[in-house]
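J.: Okay, predicted coordinates and the sequence, questions at the end:
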Amino acid sequence: MTKHRQPGPAPAEPSLPDIVLRGITTHNLQNISVRIPRNRFVVFTGVSGSGKSSLAFDTLYAEGHRRYVESLSAYVRQFLERMPRPEIESVEGIAPAIAIEQKAIPRNPRSTVGTVSEIYDYLRLLYARIGKIYSRDTNELVLKHTPDDVALQAGFFEEGTKFYAGFLFPSHEDGSHHPRSVEEELSSLLKKGFFRLISGETLLDLNREEDRRKVVLMTDGERRSLLVLVDRFVARHDEKFRSRVGEAAETCFGESGGHAVLQVAGGRRYRFSDRLELDGVEYQEPSPQLFAFNSPIGACTTCQGFGRIAGIDEHAVVPDRSLSIRDGAIACWNSEKYRWNLEELLLAAPKAGIDVDMPYEKLPQAHKELVWKGIGGTGYRGIWPFFREIEKDAGYKMHFRVFLSRYRGYATCPDCEGSRLNPDARLVRVSGKSITEVVRMNIAEAQDFFKGLEISPFDRRVAESVLQEIEKRLGYLLEVGLDYLTLDRLTHTLSGGEFQRINLSTSLGSPLVGAIYILDEPSIGLHQSDSARLIGLLRKLRDLGNTVVVVEHDREIIEAADEVIDLGPHAGRLGGKVVFHGTVEEMKRSGTSLTAEYLQDRRRIELPERRRTPDFSACIEITGAMENNLRNIDVRFPLGVMTCVTGVSGSGKSTLIGDILCRGLRREKEGAKEEVGTHRSISGAWLIDRIEQVDQSPIGKSSRSNPVTYLKIFDDIRSVFAQTPEAKARGWKAGYFSFNIPGGRCEACAGEGSVKIEMQFLADIEAVCEDCGGLRYRSDTLEVKYRGRSIAEVLDMTVDEGVEFFAREKSIARKLSVLREVGLGYIRLGQSSSTLSGGEAQRLKLASFIARADVEHTLFVFDEPTTGLHFEDIRRLLGCFEKLLEQKNTLVIIEHNPDIISQADWVIDLGPGAGDRGGSLVAEGTPEELAAMDESLTGRHLRPLFRRLGGKR
């Protein structure tokens, strides 16, 4: 008997009523009602398509967000996301809701970990408030002086010291005055009451014609050293003295355009400026905008704040860094036509001390710069000048353009060295570090830096609140297991799980109280060893006084929840019901759902009866992988088997597989121009026909893209309708049944099914098309039926229904059956691809390959394919993997899920830690061999699974 809580009246305590949702029919939810306790940690679980996201995001979040937005003014509402009212009878106790979903990662090249976590905004404030500027020439501290600073310096003079206060004689070159003759300057000084000048040790009186004549006859250089006397002093250590010096300094600043001088009689001259100036160079006043690479004020003018420019790619010029210069490391000079450049370098290198027989990767950076920029006093001009000469000729000679295209790419901006900021911004330091140096630290290093920050008590008071925000946000990033990420890491290089955890940490950095936080699988990308930290974070969010709702399949997180709501029993129209609601212990005892059966091991994914034996005589091998944190490792990928690449988040898995293996093979097999991660060599590419990277990126941005168009099934479906007697009688071909071209589609909405209504200052509204009622087709088109169903009714079927309906059409039924096998039996045939989750999109891509009979000798690469999958869905997914292997293909899978790792034929474990502590090949072997290795963190987490499943096979 199904066990779940029936909602009743709200609890007596008026301040914290439970959240009660009644009569929910959103999507496939079957008129269910749920009561969610406030300030508790609640997990929604169930098979894919059972209605978890419909309940969590399309109902709970949508209503919480909608009610909050509706409470605001019309002016404010125009800037906020408007959400339709969910299909629900009544709602009680709802609070403002915040959703942390598996969002598409921003592709903006300006978006970094620092910007999305808001840490960079606080860094800009910090450097604007307490940053110190250092001279670009002498590295001296640049100060802006006040009259008090001048008085303070005078206070250091020994009592009785004679000195003068004044300012330098006005110069035509200082920009502070309009050009005037010397006579005019002298007259101006006299009118203002300044009638004494000091030249060396000589005092000149401007009231005397003879002294004025001396000044006129001086050279410009001599006049620039003249001091206009404002006051004379004998040093004393009292307040009256300091006040008098301050007044004199104020006069100097006002009369000279911001300059003052203290001249000790017969001694040193001290210069002061009320502007940020040193040695005649004026510097920009620090402001938050100065450190913004998205602003023209702070951005590097060469790269416009991107940090990279289109130009010659060093990796393309020196593709194999293990080679020496003599052995041909510089690829562009290996041809007979340009080899003379290499010979010039070989002749010049000894004079500069460059070892031409040392591997390029081991050359000192100073020697590499000489190779690229040229060696002075020799005939060798350098790689950069060589390409500049080629570029001059490329405008009118095709073969030069072809030659250049081989070596072009995006290179680090030579002016800002990738920092994105202009020179003035890079001169500002806090505790000896520029903002560029700080953002290049990883999270753990940055936290250590700020904890040990060496600044004055005054600066600490000024920046106290900003420092607290920075340290707090760094701490939350550490808590979600992202200590290895650098603050300048581009967001488009992050995994989906990493990006979601940054969003989670940002929410914690600006904590609300009394809100509903709804998270979509926060465990994505997280190694089993990091689960405890994530659970602690979710509980902290709850303990702040919030309700935390998590859509999750991870066993540890489910077992850590205060309550579990299990939806099902199956997917699509066979789901949408609450099969259990209660505590985890109650769930395990109930045994009323698939989830409970898996948690109790009454149903489980068994270990394979046998494993395929890897044959390393025919494998793909990467040597010298050194990109990011990889530590010059050599890795072999056996063919025809399933290999899992494991390790903690940040250990180097994505770099090894995505940046080196996939890009390197695509460059070799397809001639792709992608930048490949640093490595020595990749061998064995000839053993595969192609490489397919099956990721979670959307399969189509258009609302017209859907599962049957992606799998090329819609062509067959339209042909079936075109073969009906009614269609033949009307002369309609298959194209008539397409909603992408004029013909049978509704022209009022151009086959979209909806129209956009502009609401001026309010958000645009997308409304169902009145002509076709959202069906996309004209009424006469819908008169044509196949087995009693119109084309619109067919597109509204689920995959499971479609398999039965098209049983006679073998081609259609076969392809639809594959969708069911990958766990997508619940999605509608015409469902817009833009509404699919990342996990659903990945499985749809997988189905497209399984459905093709010609797919063999292909290397398939998957990145966390279990995302969004229930235990039961994982079991189905493994069956699909088996089919690909039977078709003579190879699988390489980045995965943390022990159920997948335990099924692998070979495991490559990277680590041992993240970032600088990772990048090594910790272990490789079968899952059983890994479990026996103490040095493998992954192996240690496999041991409980093997014990639960009855040990080794």
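T.: Ah, there it is.
J.: Spit out the contact partners of Leu930.
T.: For Leu930, the contacting residues are Val907, Asp909, Ala923, Glu924, Ser936, Thr938, Gly939, Leu942, by C-beta atoms under 8 Å, 6 or more residues apart in numbering. Using the backbone N, CA and C atoms, a C-beta is placed for each residue, glycine as well.
J.: Where does the prediction get shaky in the stretch 351-500 of the chain?
T.: 394-396, 496 (pLDDT under 70).
J.: can you pull out the strands in it?
T.: Along the stretch 351-500 of the chain, the stretches classed as strands by DSSP state E, counting those that start in this stretch are 408-412, 428-430, 433-434.
J.: Can you tell me the SS state at Asp48?
T.: Asp isn't right for residue 48; it's Ser. Applying DSSP: H, G, I helix; E, B strand; the rest coil to Ser48 yields a three-state assignment of coil.
J.: List the residues that contact the residue lying closest to Ala560 once chain neighbours are set aside.
T.: Nearest residue to Ala560, sequence neighbours excluded (C-beta to C-beta, 6 or more residues apart in numbering): Ile535, at 4.5 Å. Residues near Ile535 by C-beta under 8 Å, 6+ apart: Glu556, Ile557, Ala560.
J.: Sticking with Ile535, tell me its helix or strand.
T.: Ile535 is located in helix 531-543, with elements delineated by DSSP states H and E.
J.: So which bits of that helix are buried?
T.: Using 16 or more other C-beta atoms under 10 Å as the burial criterion, the residues of helix 531-543 that qualify are Ser531, Leu534, Ile535, Leu537, Leu538, Leu541, Arg542.
J.: for this protein, longest helix please?
T.: When the chain is parsed with DSSP state H, its longest helix is helix 239-256.
J.: What is the subsequent helix or strand relative to it?
T.: strand 259-264.
J.: how far does that next one sit from the chain's center?
T.: Its chain's C-alpha centre lies 53 Å from the corresponding centre of strand 259-264 when counted by C-alpha atoms, centre = their mean, to the nearest Å.
J.: List the contacts of that strand.
T.: By C-beta under 8 Å, 6+ apart, strand 259-264 touches 145, 150, 153-154, 157, 161-168, 198, 227, 249, 252-253, 269-274.
J.: pLDDT on it, on average?
T.: Here strand 259-264 scores 94 as its mean pLDDT.
J.: Now the element after it, going C-ward?
T.: With DSSP H and E, the next secondary element past strand 259-264 is strand 269-273.
J.: Show me what that next one is packed against.
T.: Helices and strands touching strand 269-273, by 3 or more C-beta pairs under 8 Å, 6 or more residues apart in numbering; DSSP states H and E, are helix 147-155, strand 259-264.
J.: quick revisit: for the residue nearest to Ala560, report the pLDDT, please.
T.: 91.
J.: just Asn341 next, same as before
T.: 93.
J.: Then Ser15?
T.: On the pLDDT scale, Ser15 gets 55.
J.: Repeat that for His4.
T.: 47.
J.: all strands of the stretch 151-300 of the chain, in order?
T.: 162-168, 196-199, 202-205, 227-234, 259-264, 269-273, 277-278, 281-282.
J.: Would you format those as CSV with distance to Tyr736 and mean neighbour count included?
T.: Converted to CSV, those look like this (distance: least, C-beta to C-beta, whole Å; neighbours: other C-beta atoms under 10 Å):
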stretch, distance to Tyr736, mean neighbour count
strand 162-168, 88, 22
strand 196-199, 98, 20
strand 202-205, 102, 13
strand 227-234, 93, 18
strand 259-264, 84, 22
strand 269-273, 81, 18
strand 277-278, 77, 20
strand 281-282, 73, 12
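J.: Could you export these as CSV, including distance to Ile699?
T.: As requested, the strands of the stretch 151-300 of the chain are arranged in CSV below (distance: least, C-beta to C-beta, whole Å):
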stretch, distance to Ile699
strand 162-168, 71
strand 196-199, 81
strand 202-205, 85
strand 227-234, 77
strand 259-264, 67
strand 269-273, 62
strand 277-278, 58
strand 281-282, 56
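J.: Can you list the buried residues in stretch 154-161?
T.: Here stretch 154-161 shows Ala154, Phe157 as buried, counting by 16+ other C-beta under 10 Å.
J.: Name the residues that touch that stretch?
T.: Contacts of stretch 154-161 (C-beta under 8 Å, 6+ apart): Phe163, Phe233, Val234, Ala235, Arg236, His237, Phe241, Arg242, Val245, Leu262, Val264, Ala265.
J.: What separation is there between the first one and Arg244?
T.: Same thing as Phe163. Per C-beta to C-beta, to the nearest Å, Phe163 is found 12 Å from Arg244.
J.: can you list residues touching both of these two?
T.: Phe233.
J.: closest to Arg129 out of the strands of the stretch 351-500 of the chain?
T.: strand 428-430 (9.3 Å; C-beta to C-beta).
J.: For the closest one, name the packing helices and strands.
T.: helix 119-130, strand 132-134.
J.: Partner strands of that strand and their direction?
T.: strand 132-134 (antiparallel), strand 433-434 (antiparallel) (DSSP bridges).
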